[in-house]
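*Asks:* please find the sequence and the predicted model below.
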Amino acid sequence: MISFADLGIEIEPEGYTEEKISINDIVNVEIEVIDFRRDVATKNGERYVVRINYESRARIFFTQSKRIIAALENEKIKFPFRTTIKTYKAGEKRGYMFT
């Protein structure tokens, strides 16, 4: 009988294998953005997961930042790239953006 390992089938794990990090922990710090993907739709819009290298380790953070999402979806973006996440205030709202 053949073993499953001999079949050469690889099944991607559900969820994310990278360590999660809060976007607040990486504000004003240079990171390397590897890629992104849409995660789930929420009542406030679509949530994205961003894969990064930070402190020489693969990490992910979740965002609904319109400015970050617009930057990630821009046709001029080429992955990977380095950036620093900054905060900004617009009236009472606080947001995040790449610089």
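*Replies:* Looks like it arrived, so ask away. Numbering: from 1, shown residues only.

*Asks:* following element in sequence after the top strand by length along the chain, please.
*Replies:* Secondary structure of the chain per DSSP state E: the longest strand is strand 30-42. Next helix or strand after strand 30-42 toward the C-terminus (DSSP states H and E): strand 45-54.

*Asks:* for the next helix or strand along the chain from that following strand, buried residues please.
*Replies:* Next along the chain after strand 45-54, taking DSSP H and E as the criterion, comes strand 57-63. Using 16 or more other CB atoms under 10 Å as the test for burial, strand 57-63 gives 59, 60, 61, 62, 63. C-beta: built from backbone N, CA, C; applies to glycine.

*Asks:* save the residues you listed as a markdown table, and put in pLDDT too.
*Replies:* Formatted as a markdown table, these follow (pLDDT from 0 to 100):
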| residue | pLDDT |
| --- | --- |
| 59 | 96 |
| 60 | 94 |
| 61 | 95 |
| 62 | 92 |
| 63 | 93 |
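
*Asks:* model confidence at the most centrally placed residue in the chain, what's the number?
*Replies:* Computing the C-alpha centroid of the chain and ranking residues by CA atoms, centre = their mean puts residue 50 first, at 0.6 Å. For residue 50, the model assigns a pLDDT of 95.
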